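[1] This is a predicted model, with the sequence first.
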Amino acid sequence: MLRAVARRRQRAAASLPNRDAAMKGTTAMVVSHASPGAPRFLPRAALADLVTLLQDEGFTVVGPTVVDGVVMYRPIDSPDDLPHGVNDVQQRGTYRLAEGDPELTFEFASGPDSPKRFLFPPQQQLMQFRVQGEGFEVTAGPPDVPKIALLGVRPCDLAAIRVQDRVFGQDDPATFRCESEPWYEQAREQTLLVAVNCTSPGGNCFCVSWGTGPEAHEGFDLSLTELRDGFICRAGSPRGKELAAKLPLREPTRTELDLAELLMNRACEHMGRALDTASVKELLEQKREDSHWDEVAQRCLSCGNCTMVCPTCFCSTVTDVTDLSGEETTRVRSWESCFTHQFSYTVAGPGRDSLRSRYRHWLRHKLCTWQDQFGVSGCVGCGRCITWCPVGIDITQEVQALRNDSTSLPAPIAPACAFSSEGSPP
Amino acid sequence: MIAHVDVDGRPEPICGMDQWMPAPARILAVQTENFNTRTFRLQFVDPVLREQFRFAPGQFNMLYAPGVGEAAISISSDPARPGVIDHTIRVVGSVTRAVDAAGPGGLVGLRGPFGKPWPMKQMEGHNLVIVAGGIGLAPLRPVIYSILNERDRYRRVVLLYGCRTPEDRLYAHELEQWEDRGAIQVLVTVDNATAAWTGPVGVVTNLLKRLRVSAQETIVLVCGPKILNRVAAWKFLQLHVPPSRVYVSLERNMNCGFGRCGHCQYDKFFVCRDGPVFCFADIADVFAKEEI
Amino acid sequence: MAEAPTAEPAAEPAAQPAPEPRRRPRLAVYKFSSCDGCQLQLLNLEDELLALADAVEIAYFLEARRQELPPPYDVGLVEGSISTPEEEERIQTVRRNCKFLVAIGACATSGGIQSLRNWANVEEFTRHVYARPQWIKSLETATPIAAHVFVDFELHGCPVNPRQLLELVSALLNHRRPNIPTHCLCIECKRRGLPCVLSAHGEPCLGPITQAGCGALCPAVGRACYGCFGPMEQPRIGALGERFAQAQQRPPAEIMRMIRSFNGYLEPFKQASDHYERQAAQQD
């Protein structure tokens, strides 16, 4: 037990330089890092080589595939499983696949899955143990960390991973001792990330507002920008450089580089939505009480879909499950949503009983208090919460409505005399 | 980032299997406090942990009943004697019922200590007013022990304690002892008196009328139900005690204990890590806001 | 305990009382107006059935065995709704005989599919269906168990989920709170990583207002949830109905029929279906 603590200490100490680098930007998402390697060109046919190479190195390659009309992350055998010629139309509360350019493989925007599913699984056994004499005998630990290569990670999701890195203790200097997540850390170390820059952003994307996309600058092993005959490929880590060395890459032509740059610029201009991020934290600090929360509560279902698809949401619940004899106990951690009644429940009753307070908590946490807690915004602009909200509540519009709403604030519940000179000492 | 989180002064939490494995502990003794509240004296099974365990007044443990689950319970014993750990528990939920059913000799688990303690260092050289309601006395008992252990470090100390009836008083015997020793002043009030009760009747904050508070030299510690926390904090602010000298201990739904699971969020704070003890100055703008 | 704690406590913990010979809790399973499907879920727990029979004494379970052990019972599982005068009396006896009474399934918790007759004329039904309607003794309404006696716990679903049933019995045996979620199905569906049938296919999915627990069976096969687990905690039926009416152009009569099904007589659904019925009538 003590050894585990010491090990964590060592790990924490070893990661100090990185942590300092990551902490430089406190509120902005963009953090300067070692610049990625020089651009190279990966011919389209060589995508299969990449997949095979990863498989040969023992990775399970997970990539986007079309499942029941939705692009989702699933294990793939070859590039044939990727969604070729598929585009998507995303609006508030709706998602439809459409026919895309048959020669392109990554023409779609984010689906409901994010890398969170693999680094912080939705349901995970923490341990299994039984009461044995004077103590608890651990009979099983968490499952082994799978060796996964994620292909097609979007820049906003890379940003989300960096946000969760802070939550799970890798980059967070404010964390308190035993709280870094060993499983998460190991999964992060082990998982290989092949990013694909966004050339055709979705209808609910607003990564440009946060500076998290459409082009990835850091946090990947390899990044690809899709052109018609192939990909502009960059290595972003030593591991990525090793991989690149084994791929049939060639020097890109001037035209290819120009085209890639043009595609990125065009993507910036075609964001489906925009969020005015300037002083959004200050706005929400002021809007603790606002009639607009009541208005949202009329529409919100409190179903928790936004929190489930959000790539940064980290709340979880640990429950004990026993077998019939009660001898063996399994501790299971599951994704939790702040929209459930149970979430804030104490003996004194639910902390947040009304829908207005739950939506307010979620939005204020994402955009405001997250920055106090982790020095970074909890929103990366992927737009998933807009697409997968059954009633199409749009975070960008809600923030705009809060900005525009100049109605007077309701009287505070605390008596105004709290700080007045009324009431002299007896 | 959040200020006022002094991470370094805190004792090392004990939790095996990285964060989630409780360490086994035995129930040595059970003391009945009132009709639904009992104090359990616990000791780690592992002698190494007994030596290693330290806590500061105001911190809590995650108390685990095998096969049932965990509950966040504040530590009520003397921090100078961390070899045995007292937890005063109201038997109201499935975990507390299971611990109660285990009884003396029963095996439970502990993870902890977690949370930010009372500002013992800052309290030195000050007058102290300790306000407790009901089971809110439990996290304040270690404060009183610490004061009694080193009485010279503090100036005048007053404990204001309110509960429903005289029979509901926690640590009734000790309350009398503390007062008899004269080291601290103890004022107890009840909501409903019995025939034998000769003390004051009414809410705790009424007891304030019996005090002269020198606003600039006093530190106030409050722990009780929500309504008491609010009224007590406001009353002291009205008496010109600066917000930076009023401390409140809050209750929230704790699941992990170290700021990971998100359940206990209170505005920007994780109550399990940035609290449960808060300086009023830090939470002034959200304190008493409903459903934060 | 009254004094300040001592540094050296008694080294030996108090001697444990000698364990009593283990008395297995007695389980009774009752049937009222129902299809027996929920009782079958208990029998469908093939892998755990032996362990269950070992952990509890099955004292009364006519679907599984003929033998009847006399009451009292520790746990009673009740399936079915109260639909006849005879059942109305029998449930009182059942309550008296069981320490802990659990209503299992949509019939027992909401009245079930047979409670649709609560909106119709029962006499007219019996006249049309039965050759000798005078032999039929039936109450005007089919009602959940909780409408007649105090129920300690309700397990939703049509039928109940066998895992939840096992979890409930395990929790009762170990004196802990059962891990039965009351949030909506969407959370369970998203944890499983299923494509959303509502957002991606425009299906009229009741997932956002339906309690989780089934394991997202229907969305897993591309079907919309039809609410057989009944309303979630604080369901927002009106807000979802608005979406069905606006974005999917569904008429009030259809929304009414969607909500008024397995759990149609359970309060939030009942009120909402009445609302859409009135709306439909106004449109005609």
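    In hand now; what should we look at?

[2] Low-confidence stretches in chain A?
    A:1-36, A:170-180, A:406-426 (pLDDT under 70).

[3] let's see 50
    With pLDDT under 50 as the threshold, chain A has low-confidence stretches at A:1-34, A:175-178, A:407-426.

[4] ok, B:Asn192 to C:Leu52 distance?
    Note on B:Asn192: its distance to C:Leu52, by Cβ to Cβ, to the nearest Å, is 48 Å. The C-beta positions use only the backbone N, C-alpha and C, and glycine is treated the same way.

[5] Now do the residue of the stretch 1-150 of chain C at minimum distance from chain A: how many residues are near it, please.
    Across the stretch 1-150 of chain C, the shortest distance to chain A (Cβ to the nearest Cβ) belongs to C:Ala55, at 4.3 Å. C:Ala55 has 19 neighbours, counted by other Cβ atoms under 10 Å in any protein chain shown.

[6] again with B:Ile227
    12.

[7] what's the answer for the one 4 residues further on, then?
    Other residues near B:Val231 come to 20 when the count uses other Cβ under 10 Å.

[8] what's the closest non-adjacent residue to it?
    B:Thr205 (5.1 Å; Cβ to Cβ, 6 or more residues apart in numbering or on different chains).

[9] can you check A:Cys379 too?
    Nearest non-adjacent residue to A:Cys379 (Cβ to Cβ, 6+ apart): A:Lys366, at 4.8 Å.

[10] Tell me the secondary structure of the one you found, please.
    helix (DSSP: H, G, I helix; E, B strand; the rest coil).

[11] Run through the helices of the stretch 51-200 of chain A in chain order.
    In the stretch 51-200 of chain A, the helices defined using DSSP state H, counting those that start in this stretch lie at A:116-119, A:155-167, A:182-190.

[12] how many neighbours does residue 115 have?
    No chain was given, so I picked chain A. Other residues close to A:Pro115 by other Cβ under 10 Å number 23.

[13] if you could check chain C rather than the one you did, that'd help
    26.

[14] correct me, but it touches C:Ala142?
    Yes: using Cβ atoms under 8 Å, C:Ser115 is in contact with C:Ala142, at 4.3 Å.

[15] which residues are in contact with both of these two?
    C:81, C:265 (Cβ atoms under 8 Å, 6 or more residues apart in numbering or on different chains).

[16] ok, back up a step: next up, the contacts around the residue nearest to A:Cys379.
    So A:Lys366 contacts A:310, A:312, A:377-379, A:395 (Cβ under 8 Å, 6+ apart).

[17] element containing A:Phe231, please.
    strand A:230-235 (DSSP states H and E).

[18] what does that strand contact?
    By Cβ under 8 Å, 6+ apart, strand A:230-235 touches A:36-44, A:46-47, A:221-225, A:240-241, A:243-244, A:247, A:249, A:252, A:256-257, A:260.

[19] Sheet-wise, list the partners of it with their directions.
    Using DSSP bridges, the strands paired with strand A:230-235 are strand A:40-43 (antiparallel), strand A:222-226 (antiparallel).

[20] Quote the end-to-end distance of stretch A:325-343.
    Stretch A:325-343 has an end-to-end distance of 29 Å (Cα to Cα, to the nearest Å).

[21] tell me which residues of it are tucked away?
    A:326, A:328-341, A:343 (16 or more other Cβ atoms under 10 Å in any protein chain shown).

[22] same deal with stretch A:49-64?
    Applying 16+ other Cβ under 10 Å to stretch A:49-64 flags A:50-51, A:53-54, A:59, A:61-64 as buried.

[23] Now flag whichever of those is closest to chain C.
    A:Val62 (11.6 Å).

[24] so the closest one makes contact with A:Pro115?
    No: shown here, A:Val62 and A:Pro115 do not form a contact pair, counting by Cβ under 8 Å, at 9.1 Å.

[25] tell me, what's touching these two both at once?
    In contact with both A:Val62 and A:Pro115: A:73, A:150, using Cβ under 8 Å, 6+ apart.

[26] Please identify which of the helices of the stretch 51-200 of chain A is closest to C:Gln41.
    Among the helices of the stretch 51-200 of chain A, the nearest to C:Gln41 by Cβ to Cβ is helix A:116-119 (30.2 Å).

[27] helices or strands next to that closest one in the packing?
    Contacts defined by 3 or more Cβ pairs under 8 Å, 6 or more residues apart in numbering or on different chains; DSSP states H and E place helix A:116-119 against helix A:155-167, helix A:182-190.

[28] angle of the longest one against helix A:182-190?
    Using axes from the mean of the first three to the mean of the last three Cα atoms, to 10 degrees, the interaxial angle of helix A:155-167 with respect to helix A:182-190 works out to 140 degrees.

[29] starting at the chain centroid, how far to helix A:155-167?
    5 Å (Cα atoms, centre = their mean, to the nearest Å).

[30] any idea how the chain splits into domains?
    No chain specified, so I'll use chain A. Listed by automatic domain parsing, the domain ranges of chain A are A:2-269, A:280-404.

[31] nope, chain B
    B:23-114, B:120-249.

[32] list the contacts for the closest residue to A:Ala216 other than its chain neighbours?
    Leaving aside its chain neighbours, A:Ala216 sits nearest to A:Pro155 (4.0 Å; criterion: Cβ to Cβ, 6+ apart). A:Pro155 is in contact with A:195, A:197-198, A:207, A:212-217, counting by Cβ under 8 Å, 6+ apart.

[33] swap the cut-off to 10 Å and go again
    By Cβ atoms under 10 Å, 6 or more residues apart in numbering or on different chains, the contact set of A:Pro155 is A:195-198, A:207, A:211-220, A:223, A:267, A:380-382.

[34] Over to C:Ile104?
    Counted by Cβ under 10 Å, 6+ apart, C:Ile104 has contacts C:29-30, C:34, C:38-39, C:41-42, C:77-80, C:145, C:153-157, C:159-160, C:164-165, C:168.

[35] Which element, helix or strand, includes the residue of the stretch 251-400 of chain A found nearest chain C?
    In the stretch 251-400 of chain A, the residue that lies nearest chain C is A:Met308 (3.5 Å; Cβ to the nearest Cβ). Per DSSP H and E: A:Met308 is located in helix A:305-309.

[36] Just confirm the residue of the stretch 251-400 of chain A closest to chain C contacts A:Ser316, I think it does.
    No: A:Met308 is beyond contact range of A:Ser316, at 11.9 Å (criterion: Cβ atoms under 10 Å).

[37] Now the common contact residues for the two.
    A:122, A:335-336.

[38] same for chain C: which of those are within range?
    A:122, A:335-336 (Cβ under 10 Å from any Cβ of the partner chain).

[39] Put together JSON lines for the residues you listed, with distance to chain B on each row.
    Shown next, in JSON lines, are these (distance: Cβ to the nearest Cβ, whole Å):
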{"residue": "A:Pro122", "distance to chain B": "14"}
{"residue": "A:Trp335", "distance to chain B": "10"}
{"residue": "A:Glu336", "distance to chain B": "7"}
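
[40] Among the residues you listed, which are located in strands?
    Judged by DSSP state E, strands contain the following of these: A:Trp335.

[41] between the ones next to chain C among the shared contacts of A:Met308 and A:Ser316, which is nearest C:Ala224?
    A:Pro122 (21.8 Å).

[42] Need the nearest residue in space to the closest one, chain neighbours excluded.
    C:Arg191 (4.0 Å).

[43] repeat for C:Ser110
    Nearest to C:Ser110 is C:Leu266, by Cβ to Cβ, 6+ apart, at 3.6 Å.

[44] The one you found: what's it in contact with?
    Per Cβ under 10 Å, 6+ apart, neighbours of C:Leu266: C:106, C:109-112, C:115, C:144, C:146, C:154, C:156, C:227, C:230-231.
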